[in-house]
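In: Here you go, sequence then predicted model.
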Amino acid sequence: MKPAFSTVACPDWTFAQVAEKAEQWGYVGCELRTFGYGSRDIACEPALTSPAKLRGLLERVGLSICGLATSIRYDDTITPPIIGLYLDQESMIRETKACVDMAVQLEAPFVRVFGFEIVGNEPRNRAIARIAERLIKCADYCRNSGVRLLLENGGSFSRASELLEVIDKVDSSLLNVAYSLPVARAAGDDLRHGMNALGDRLAVVKVKDMKAGRPVALGEGELHAKESLQAAAGVGFDGWLVYEFDRAWLGAGTVDVSTVMAKSAKFIFDAIGSTGGAARMARGAASLR
């Protein structure tokens, strides 16, 4: 597995600050959270920085960009039923295409998106067909770009089997899966079974930890982080492993982010005995002594 972190941990940092700190943490990749062009919601918004400059900052400290993470979802219903057919129902498709273009410039391999929720009395197969139709258009846009979409589990598609309902409907090699282990576990998935079921569609796994509703370093919370990591190692997963310290959404008080990130890198190394990136992870652990 290749350990990476998400910039949701440091929404108030510039990329220069991210690069300066990350050199000591022990990760080999970075997932960039984006709200799209024109957004100033976070300081480390990739849409606000020259792609070449951003790539250079991260490459100099040995970090690969493992993907762009977005909030894009494809579940908007067509309302009202008749007139809605003539209204703009493709804003999420335009947003996705813009993020794919950004990923191309950043040389990022993935753009993360969501399904997300089936509400009311809508038949599940109808909702899946609508979501899949939009995803097909976006996956087709990725063709020959070097970028793939990542459908992450959540909402009405929290389990591996539920993700596969959409993945199989889209039927494109340009749509892969980001599998959030705590989300899947909370939904009742057996993690090893879920990852095995996803097979070669699985490109990224995600981990986090929480305590009393607050994000904490891996191993210091209630989300069974060690067992989740060992499950991923046990099925032989060798893709990106992204740690999410959800400070952007949930806050974390006056926590020292650098300490949390380095502790979590060390926890990953200790939990799975990974050889990929071991030297960097050892340096991150050493910085805590």
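Out: Looks like it arrived, so ask away. Numbers count the residues shown, from 1 in each chain.
In: which ones are touching residue 243?
Out: For residue 243, the contact set (Cβ atoms under 8 Å, 6 or more residues apart in numbering) comprises 3-6, 27, 206-208, 218, 261, 264-265, 268. All C-beta spots, glycine's among them, are computed from the backbone N, C-alpha and C.
In: average pLDDT for stretch 256-275?
Out: Summarised as a single mean, pLDDT over stretch 256-275 is 88.
In: So which bits of that stretch are buried?
Out: Judged by neighbour count using 16 or more other Cβ atoms under 10 Å, the buried positions of stretch 256-275 are 257-258, 260-269, 271-272, 274.
In: Can you flag which of those residues belong to helices?
Out: In this view, the buried residues of stretch 256-275 that belong to helices under DSSP state H are 257-258, 260-269, 271-272.
In: now the strands: where do they sit in the stretch 151-289 of the chain?
Out: Counting by DSSP state E, counting those that start in this stretch, residue ranges of the strands within the stretch 151-289 of the chain are 175-180, 202-207, 210-211, 214-215, 240-243.
In: Save these as JSON lines, and put in mean pLDDT and distance to residue 130 too.
Out: Output for the strands of the stretch 151-289 of the chain, formatted as JSON lines (pLDDT from 0 to 100; distance: least, Cβ to Cβ, whole Å):
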{"stretch": "strand 175-180", "mean pLDDT": "98", "distance to residue 130": "16"}
{"stretch": "strand 202-207", "mean pLDDT": "98", "distance to residue 130": "24"}
{"stretch": "strand 210-211", "mean pLDDT": "95", "distance to residue 130": "32"}
{"stretch": "strand 214-215", "mean pLDDT": "93", "distance to residue 130": "33"}
{"stretch": "strand 240-243", "mean pLDDT": "98", "distance to residue 130": "28"}
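In: who touches the longest helix belonging to the chain?
Out: Taking DSSP H as the criterion, the chain has its longest helix at helix 124-141. Identification of contacts with helix 124-141 by Cβ under 8 Å, 6+ apart yields 74-75, 77-78, 90, 92-93, 96-97, 100, 113, 115, 118, 148-149, 151, 156, 165-166, 169-170, 172, 174-175.
In: what about that helix, average pLDDT?
Out: Mean per-residue pLDDT for helix 124-141: 97.
In: what ranges do the helices span in this protein?
Out: Taking DSSP H as the criterion, the chain carries its helices at 15-22, 51-60, 91-106, 124-141, 160-170, 181-186, 191-198, 225-234, 247-250, 257-272, 278-286.
In: Which one of the ones you listed lies nearest to residue 38?
Out: Nearest to residue 38, of all the helices of the chain, is helix 91-106, at 9.8 Å by Cβ to Cβ.
In: So which elements touch the closest one?
Out: helix 51-60, strand 64-73, strand 110-114, helix 124-141 (3 or more Cβ pairs under 8 Å, 6 or more residues apart in numbering; DSSP states H and E).
In: Just name the most buried of these.
Out: Among these, strand 110-114 has the highest mean neighbour count (mean count of other Cβ atoms under 10 Å), at a mean of 25.
In: ok now that strand, how far from the chain's centre?
Out: 7 Å (Cα atoms, centre = their mean, to the nearest Å).
In: partner strands of that strand, parallel or antiparallel?
Out: Using DSSP bridges, the strands paired with strand 110-114 are strand 64-73 (parallel), strand 148-152 (parallel).
In: Dump these into JSON lines; add distance to residue 195 as well.
Out: Putting those into JSON lines (distance: least, Cβ to Cβ, whole Å) gives the following:
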{"stretch": "strand 64-73", "distance to residue 195": "18"}
{"stretch": "strand 148-152", "distance to residue 195": "14"}
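In: Closest one of the buried residues of stretch 256-275 to residue 237?
Out: residue 272 (9.7 Å).
In: Pull the contacting residues for the closest one.
Out: Taking Cβ under 8 Å, 6+ apart, we find residue 272 in contact with 1, 229-230, 232-233.
In: Among those residues, which pair sits farthest apart?
Out: With distances taken as Cβ to Cβ, the most widely separated pair in the contacts of residue 272 is 1 and 230, at 11.3 Å.
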